[in-house]
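Colleague: Got a sequence here, can you build the structure:
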Amino acid sequence: MAADKDIDWRDADISAKKFREYAAECRRLMRHVPETDRAALLEIADAWIACAEEAERAAEPDRD
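Modeller: You can find the predicted model right below:
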């Protein structure tokens, strides 16, 4: 992934946790917005989860 070069993965564990918190916040917000806006928040939450998963992969000990 080309974006890997732009991300400082030294704090990948912290980043993954933070990204999951952002996703959870999006899901909490979904309860308080009009139904027409919920799909966008869900999409954003899914993107934060993808970021968390990428950070977790980057934090694996065998990463070069």
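
Colleague: Wait, A55 touches W48, no?
Modeller: No: counting by Cβ atoms under 8 Å, W48 is not a contact partner of A55; they are 10.5 Å apart. In short, each C-beta sits where N, CA and C put it, glycine included.

Colleague: Are there residues contacting both of the two? Which ones?
Modeller: By Cβ atoms under 8 Å, 6 or more residues apart in numbering, A55 and W48 have these common neighbours: F19.

Colleague: how about the helices in the protein?
Modeller: 12-30, 35-58 (DSSP state H).

Colleague: which outside residues touch stretch 41-54?
Modeller: Contacts for stretch 41-54 (Cβ under 8 Å, 6+ apart): 1, 15-17, 19-20, 22-24, 26-27, 29-30, 33.

Colleague: of those, closest to A39?
Modeller: Within those, the smallest distance to A39 is 9.2 Å, found for M30 (Cβ to Cβ).

Colleague: That closest one - how many residues pack around it?
Modeller: 17 (other Cβ atoms under 10 Å).

Colleague: cool, A45 as well?
Modeller: A45: 20 neighbours (other Cβ under 10 Å).

Colleague: Chain neighbours aside, what residue packs nearest to it?
Modeller: Leaving aside its chain neighbours, A45 sits nearest to C26 (3.8 Å; criterion: Cβ to Cβ, 6 or more residues apart in numbering).

Colleague: The one you found and P61, how far apart?
Modeller: 30 Å (Cβ to Cβ, to the nearest Å).

Colleague: which residue ends up closest to the midpoint of this structure in space?
Modeller: W48 (2.2 Å; Cα atoms, centre = their mean).

Colleague: Poorly predicted segments of the protein, please.
Modeller: 1-10, 12, 62-64 (pLDDT under 70).

Colleague: ok, back up a step: and the closest residue to the residue nearest to the centre of the chain other than its chain neighbours, what is it in contact with?
Modeller: Among residues not flanking W48 along the chain, A23 sits closest, at 3.8 Å (Cβ to Cβ, 6+ apart). Going by Cβ under 8 Å, 6+ apart, A23 touches 45-46, 48-49, 52.
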